[in-house]
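model the following, please.
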Amino acid sequence: MNWFPHSLRWRIQLWHGLLLLVVIVAFCFASYRLQREETIRHADGELDLRLTALTNALQQGGRQAQGGGPPNPAQDGAPGEPPPPGAPAPGGPPTLPRSFQSAELTSLFDLKDPNPFYYVVWSRRGEVLGGADADFDRIPRPATEHRGLTRITRDRPGVRELYVVTPPGECLLVGRSVRPIDRELNHTLLRFIALGSAVLGLGWAGGWWLSSRAIRPIADISHAATRIATGQLSERIHTDEGAGELGELARVLNDTFARLEAAFAEQARFTSDAAHELRTPVSVILAQTQLALSRPRSSAEYVETIETVQRSAQRMQGLMESLLTLACLDAHSEPLQRQPCDLAVLAVEHLDLIRPLAQERGIPLHADCLPAVGGVDPDRIGQILDNLLTNAVKYSRPGDEVRVNTATENGSVIVRIADNGPGIAPEHLPHLFERFYRADRSRNRSTGGAGLGLAICKSLAEAHGGTIGVESEVGSGTVFTVKIPTGTAR
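Numbers count the residues shown, from 1 in each chain. Below is the predicted model:
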């Protein structure tokens, strides 16, 4: 279970479950408290109703006593005062007035009720005058220091009581057992617990389902990455369109995997093409040396063999230098030596360098260069100009023109090299800057090159933070455009 604390699903689920538990407990506690307060308030209201009826009956009994015969020394009152309510007849015990036997009080204190109300009335001297309970004489009398109409609540084990002490000193108490109320509240609490547990269970299950769906792309990403690590570069992560942030991450990773697959495929193709390009001059060298050593040759034959071997070695040297240049550009091992440079001056210089080859092939060169100053590496830009100008002259027909112009547009320096030669077919344009790609398959390697020149031009332009593009139509010529930001370094 070492994975448990580190599981994202369990962390989400535990946090969700804890939050849900706190909310449910708080809700159930508040609901139970409100229910309990409402039940007690209702019970107190019932007690107050009956205590009011008792008080009215006591006052009515007092008025009836005051309208009776002369004072009796045996009564509770002082000489010359009217007898108190419930005063006994001379020589008899104190009793409740007849008003306590009314139908209203009888209905309010129905002893046949499963949970009946009871009452007790004490005289001014603390004697029990009567009550509506068989054990009312065992009920302790409350303290009587709070005289007046203030009603006081008293709780005893299993009962709740409400009493009042009249100004003369009589005490009236009403009570009722709260055990049925406690049982009802306990049942209410159990219902809240059951309901809260059900909600918590449903919330937990729903949270598990949602968290499982939410992190499903993570599992897909992990499985896809594992398969890709074993060599299945075509593997992709399958996600829904509405997968949210993880879906967006999966799409980004799919793009990354696609670029990775393309890079591996390009690397494999590059290695194969490089080996193929090197195999030809090596085969020529071996064949020429074996032929020369097979029997004695004349000096002229040896010279011819050595010249052939030299040409093959020179081709190998040029190919290895191109491969080394590309490797350095890919690894960024040779930083650019950027400095302010006018590409118009640089373009004219390299145009002059290529002019002898152009004159030999009968191709006129034209320059229309406006000042284009930018922070570039002159040697690297010179490589781009040499490759593009050489290709333009090499693939043009006698009499075709090669034009060079420079300018500054939108914070970038622009170099365009155009010709009106045979042009390039549309199907070749997307692959023109791929390594070892030749648009003209009919050319041999001695005249068509290794197919690395334009790939080097593209890498050099991108090293400057720029781009290189091509536009061409068959029979109408080709235009290469190099765009370099004036001060952006890679």
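
quick one: end-to-end length of stretch 163-179, please.
With CA to CA, to the nearest Å as the measure, stretch 163-179 spans 20 Å from end to end.

pLDDT on that stretch, on average?
What stretch 163-179 shows for mean pLDDT is 90.

list the buried residues of it.
Under the neighbour-count criterion of 16 or more other CB atoms under 10 Å, stretch 163-179 has 163, 164, 165, 166, 170, 171, 172, 173, 174, 175, 176, 178 buried. C-beta coordinates here come from the backbone N, C-alpha and C atoms, glycine included.

please verify my assumption that residue 392 contacts residue 416.
No: between residue 392 and residue 416 there is no contact under CB atoms under 8 Å: 11.1 Å.

common neighbours of those two, please.
residue 480 (CB atoms under 8 Å, 6 or more residues apart in numbering).

more neighbours: which of these two?
Comparing residue 392 with residue 416 by other CB atoms under 10 Å, the one with more neighbours is residue 392, at 26 against 19.

any idea of the mean pLDDT in the host helix or strand of that one?
According to DSSP states H and E, residue 392 maps onto helix 378-394. For helix 378-394, the mean pLDDT works out to 89.

run through who's touching it.
325, 336-337, 339, 341, 343, 346-347, 349-351, 353-354, 357-358, 361, 363, 402, 404, 415, 417-419, 421, 447, 453-454, 456-457, 460-461, 463-464, 468, 478, 480, 482, 484.

any of the residues you listed buried? List them.
For the contacts of helix 378-394, buried by 16+ other CB under 10 Å: 325, 336, 341, 343, 346-347, 350-351, 354, 358, 363, 402, 404, 415, 417-419, 421, 453-454, 456-457, 460-461, 463-464, 468, 478, 480, 482, 484.

for the helix holding residue 392, list the C-alpha coordinates in CSV.
Listed next in CSV are the C-alpha coordinates belonging to helix 378-394 (Å, rounded to 0.1, in the frame of the first residue of the first chain):
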residue,chain,number,x,y,z
PRO,A,378,28.2,36.9,-42.3
ASP,A,379,29.9,33.5,-42.8
ARG,A,380,26.7,31.6,-42.3
ILE,A,381,24.6,33.9,-44.5
GLY,A,382,27.4,33.6,-47.1
GLN,A,383,26.9,29.8,-47.0
ILE,A,384,23.2,30.3,-47.8
LEU,A,385,24.0,32.7,-50.6
ASP,A,386,26.6,30.4,-52.1
ASN,A,387,24.3,27.3,-52.1
LEU,A,388,21.3,29.2,-53.5
LEU,A,389,23.3,31.0,-56.2
THR,A,390,25.2,27.8,-57.2
ASN,A,391,21.9,25.9,-57.5
ALA,A,392,20.3,28.7,-59.5
VAL,A,393,23.2,28.7,-62.0
LYS,A,394,23.6,24.9,-62.0
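
using CSV, write down the CA coordinates of the helix or strand that it is followed by.
Sequence-wise, the next helix or strand downstream of helix 378-394 (DSSP H and E) is strand 402-409. Extracted in CSV, the C-alpha atoms of strand 402-409 (Å, rounded to 0.1, in the frame of the first residue of the first chain):
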residue,chain,number,x,y,z
VAL,A,402,19.6,34.8,-62.2
ARG,A,403,18.4,37.9,-60.2
VAL,A,404,19.3,38.8,-56.6
ASN,A,405,17.6,41.6,-54.6
THR,A,406,17.7,42.6,-51.0
ALA,A,407,15.3,44.8,-48.9
THR,A,408,14.1,45.5,-45.4
GLU,A,409,10.4,44.6,-44.6
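
what strands line up against the helix or strand that strand 402-409 is followed by, and which way round?
The helix or strand immediately downstream of strand 402-409 is strand 412-419, counting by DSSP H and E. Each strand paired with strand 412-419, and its direction, by DSSP bridges: strand 402-409 (antiparallel), strand 477-485 (antiparallel).

nearest to residue 118 among these would be which one?
strand 477-485 (99.3 Å; CB to CB).

now the closest one, how far from the centre of its chain.
44 Å (CA atoms, centre = their mean, to the nearest Å).

and the angle for it with helix 378-394?
Using axes from the mean of the first three to the mean of the last three CA atoms, to 10 degrees, the inter-axis angle of strand 477-485 relative to helix 378-394 is 170 degrees.

the residue nearest to residue 337 when sequence neighbours are not counted: how many residues sit nearby?
Nearest residue to residue 337, sequence neighbours excluded (CB to CB, 6 or more residues apart in numbering): residue 377, at 5.0 Å. By other CB under 10 Å, the residues close to residue 377 number 19.

how close does residue 377 sit to residue 466?
12 Å (CB to CB, to the nearest Å).

now residue 387
Using CB to CB, residue 387 is found at 15 Å from residue 466.

repeat for residue 50
Distance, residue 50 to residue 466, using CB to CB: 99 Å.

cool, residue 32 as well?
Distance, residue 32 to residue 466, by CB to CB: 74 Å.

higher neighbour count, these two?
For residue 32 versus residue 466, the count of surrounding residues by other CB under 10 Å is larger for residue 466: 23 against 16.

list the contacts of that one.
Counted by CB under 8 Å, 6+ apart, residue 466 has contacts 412, 482, 483, 484, 485, 488.

among those, which pair sits farthest apart?
The distance between the two most remote of the contacts of residue 466 (CB to CB) is 14.2 Å, for 482 and 488.

in terms of helices and strands, where is residue 433?
Under DSSP H and E, no helix or strand contains residue 433.

tally of neighbours for it?
18.

now it: phi and psi?
Backbone dihedrals for residue 433, given as degrees, to the nearest 10, come out at phi -100, psi 10.

look at it and report its pLDDT.
84.

isn't it right next to residue 453, touching?
No: assessed by CB under 8 Å, residue 433 is found out of contact with residue 453, at 9.8 Å.

can you tell me how far residue 117 is from residue 155?
Separation of residue 117 from residue 155 (CB to CB) stands at 16 Å.

between the two, who's got more neighbours?
More crowded of residue 117 and residue 155, by other CB under 10 Å: residue 117, with 20 against 10.

so that one bridges to which residues?
The bridge-partner assignment for residue 117, based on DSSP bridges, gives residue 176.

what residues are up against it?
Going by CB under 8 Å, 6+ apart, residue 117 touches 46, 47, 50, 108, 109, 132, 174, 175, 176.

in JSON lines, list these along with secondary structure and distance to residue 226.
Formatted as JSON lines, those follow (DSSP: H, G, I helix; E, B strand; the rest coil; distance: CB to CB, whole Å):
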{"residue": "46", "secondary structure": "helix", "distance to residue 226": "73"}
{"residue": "47", "secondary structure": "helix", "distance to residue 226": "75"}
{"residue": "50", "secondary structure": "helix", "distance to residue 226": "79"}
{"residue": "108", "secondary structure": "helix", "distance to residue 226": "81"}
{"residue": "109", "secondary structure": "coil", "distance to residue 226": "82"}
{"residue": "132", "secondary structure": "coil", "distance to residue 226": "84"}
{"residue": "174", "secondary structure": "strand", "distance to residue 226": "79"}
{"residue": "175", "secondary structure": "strand", "distance to residue 226": "76"}
{"residue": "176", "secondary structure": "strand", "distance to residue 226": "73"}
